[in-house]
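J.: structure, please.
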Amino acid sequence: MQKVTAILLGAGNRGAQAYAPYALNYPHELDIVAVAEPDQDRRAAFIAAHRIPQEHAHADWEELLAQPKQADIAIICTQDQMHYEPTLKALELGYHVLLEKPMSPSPEECVEMERMAKKHNRLLTICHVLRYTAFWTAMKRVIDEGKIGQIVSIQLNENVGNMHMAHSFVRGNWNNSDTSSPMILAKSCHDMDILSYIMGEPCERVSSFGSLMHFNEENAPEGAPARCLDGCPAEASCQYYAPKYYLGTGKNWAAKFTTDTSLEGILEALRTTPYGKCVYRSDNNVVDHQVVNMEFVSGATAMFSMCGFTRDNTRIVQVMGTKGEIRGNMEEHTFTVHDFVTNEQNAIHVHASEEGHSGGDVGIVRSFLREVRAYAGGESESSAAASVRSHLMAFAAEESRLNGGKPVEIEQFYKTLVKV
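T.: Numbering: from 1, shown residues only. Okay, here's the model as predicted:
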């Protein structure tokens with residue numbers, strides 16, 4: 001098997017912990033030869049783990065991409081608003097690119113990236129990792145085999161989980177659309193992609209409602225300070241009290257924002273980073289709940305609901321067809337297929353991988369490497385072309401939400417906002 005070489009731009013949680021470990025676990029398939037990461041501690045830890053020479057470790061992506069092409073592929077895991085420029089530069093240099101989602105907070109930039117991948121005849125694969133899980137792959141196969149007839153409607157609930165909501169979207173990197181992306185793009189572009197993937201046809205129009213209902217100043221406990229460690233009177237009753245989150249069994253969450261997971265290291269991070277802030281006194285502005293209604297070319301419809309106030313972190317789906325229906329829970333790795341004619345109900349249990357995103361993180365890297373080795377033109381499974389379609393669904397949904405739920409026609413939205 002031909003080994004593929006790679007450079008990594010962004011050695012944070014997704015880059016260093018989701019995709020790069022493939023090179024450590026399957027060194028005969030992938031070798032990461034250079035890295036760009038601004039955080040000195042993260043950069044040092046990464047080059048030690050992957051045995052990268054110091055001269056191939058850079059503080060920023062511009063310095064790395066100023067070098068001649070060093071590898072076959074570029075894995076780009078910078079922050080959302082830092083995807084566009086390094087992606088274009090990497091494609092220009094001749095790299096195949098594996099890009100963390102979302103492509104960009106800008107619809108114009110998304111379309112331009114797709115165009116540049118075609119121009120340079122390179123793969124641009126977006127990390128819609130749910131497509132690569134056993135759960136969604138098996139469900140797609142059942143639908144394509146015609147087991148439930150033609151799809152009439154889909155209901156998809158994304159249970160974000162209150163802990164995940166507070167960590168990533170109130171205190172964390174994706175808490176503010178001005179510096180990252182709106183929630184429907186940052187978190188739920190996975191779901192827009194899965195709906196597009198399962199439905200197998202273009203979406204024509206969307207409408208959406210949602211708001212930041214709870215995580216704001218007016219819901220702060222009386223006397224609550226800016227930081228939890230500054231003597232909060234609601235410590236015992238607040239479910240979001242930071243030390244309760246990040247000490248003890250919460251250390252795995254703390255490891256996402258500090259390399260020092262000792263007791264003192266975590267406490268210091270809670271004193272100095274956004275993860276120690278009161279969730280009601282943060283600078284967050286993304287919604288904590290949102291619904292999206294969609295109509296597709298055939299007349300089929302879909303309803304998506306994202307909510308941050310759930311016990312578990314999973315996706316629950318119901319696919320209703322003319323000959324049967326599917327009901328599933330991703331966390332349980334199980335869905336049932338009910339046949340309207342025979343009245344038979346079959347439960348399908350898929351392998352519950354313990355790896356990231358139920359095996360989706362490993363699955364997309366493995367698939368991408370296979371596509372790179374065999375590349376002779378064409379598109380990948382989660383190509384930029386497919387991703388632009390689902391991203392436009394998210395952009396249109398946010399446009400509708402900000403305009404009181406007014407329906408948005410996707411094609412008209414595309415023509416108005418995207419200059420090509």
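
J.: give me the below-cutoff pLDDT ranges for the chain.
T.: 354, 417-420 (pLDDT under 70).

J.: pull the longest helix from this structure.
T.: As assigned by DSSP state H, the longest helix anywhere in the chain is helix 384-402.

J.: name the residues that touch the very next helix or strand once past that one?
T.: Scanning forward in sequence from helix 384-402 by DSSP states H and E, the next helix or strand is strand 408-409. Applying Cβ atoms under 8 Å, 6 or more residues apart in numbering, the contact partners of strand 408-409 are Glu204, Arg205, Val206, Ser207, Ala396, Ala397, Glu399, Ser400. Every residue, glycine included, has its C-beta placed from N, CA and C.

J.: likewise for stretch 350-361?
T.: Outside stretch 350-361, the residues within contact range by Cβ under 8 Å, 6+ apart are 17-19, 129-135, 138, 330, 333-334, 362.

J.: show me which of these are buried.
T.: The neighbour count (16 or more other Cβ atoms under 10 Å) marks 18-19, 129-135, 138, 330, 333, 362 as buried among the contacts of stretch 350-361.

J.: turn the residues you listed into JSON lines, including distance to Ser390 and secondary structure.
T.: Formatted as JSON lines, these follow (distance: Cβ to Cβ, whole Å; DSSP: H, G, I helix; E, B strand; the rest coil):
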{"residue": "Ala18", "distance to Ser390": "20", "secondary structure": "helix"}
{"residue": "Tyr19", "distance to Ser390": "20", "secondary structure": "helix"}
{"residue": "Val129", "distance to Ser390": "13", "secondary structure": "helix"}
{"residue": "Leu130", "distance to Ser390": "11", "secondary structure": "helix"}
{"residue": "Arg131", "distance to Ser390": "10", "secondary structure": "helix"}
{"residue": "Tyr132", "distance to Ser390": "15", "secondary structure": "helix"}
{"residue": "Thr133", "distance to Ser390": "16", "secondary structure": "coil"}
{"residue": "Ala134", "distance to Ser390": "21", "secondary structure": "helix"}
{"residue": "Phe135", "distance to Ser390": "18", "secondary structure": "helix"}
{"residue": "Ala138", "distance to Ser390": "20", "secondary structure": "helix"}
{"residue": "Met330", "distance to Ser390": "18", "secondary structure": "helix"}
{"residue": "His333", "distance to Ser390": "23", "secondary structure": "coil"}
{"residue": "Val362", "distance to Ser390": "22", "secondary structure": "helix"}
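
J.: and which of those residues is nearest Ile151?
T.: The nearest member of these to Ile151, counting by Cβ to Cβ, is Ala138 at 16.1 Å.

J.: contact partners for the closest one?
T.: Neighbouring residues of Ala138 by Cβ under 8 Å, 6+ apart: Phe335, Ile348, Val350.

J.: kindly report the same for Lys69.
T.: Lys69 touches Leu93, Gly94, Tyr95, counting by Cβ under 8 Å, 6+ apart.

J.: for Thr336, same thing?
T.: Contacts of Thr336 by Cβ under 8 Å, 6+ apart are Ile326, Arg327, Gly328, Gln345, Asn346, Ala347, Ile348.

J.: which elements pack onto the host helix or strand of the second one?
T.: In this structure, Arg327 is located in strand 324-329 according to DSSP H and E. The elements that strand 324-329 packs onto, with contact taken as 3 or more Cβ pairs under 8 Å, 6 or more residues apart in numbering; DSSP states H and E, are helix 134-144, strand 314-321, strand 334-339.

J.: can I get the ones you listed in TSV including distance to Ile52?
T.: TSV is the format used below for these (distance: least, Cβ to Cβ, whole Å):
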stretch	distance to Ile52
helix 134-144	33
strand 314-321	36
strand 334-339	41
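
J.: for Pro274, find the nearest of the ones you listed.
T.: Nearest of the helices and strands packed on strand 324-329 (Cβ to Cβ): strand 314-321, 26.1 Å.

J.: walk me through which strands the closest one pairs with, and which way each runs.
T.: Applying DSSP bridges, strand 314-321 is found paired with strand 151-159 (antiparallel), strand 324-329 (antiparallel).

J.: so which bits of the first one are buried?
T.: In this case it means strand 151-159. Buried residues in strand 151-159 (16+ other Cβ under 10 Å): Ile151, Ser153, Ile154, Leu156, Asn157, Glu158, Asn159.

J.: what residues does the helix or strand just after it touch?
T.: Remark: after strand 151-159, the chain's next helix or strand is helix 162-164, criterion DSSP H and E. Identification of contacts with helix 162-164 by Cβ under 8 Å, 6+ apart yields Gln239, Tyr240, Tyr245, Trp253, Gly308, Phe309, Thr310, Arg311, Asn313.
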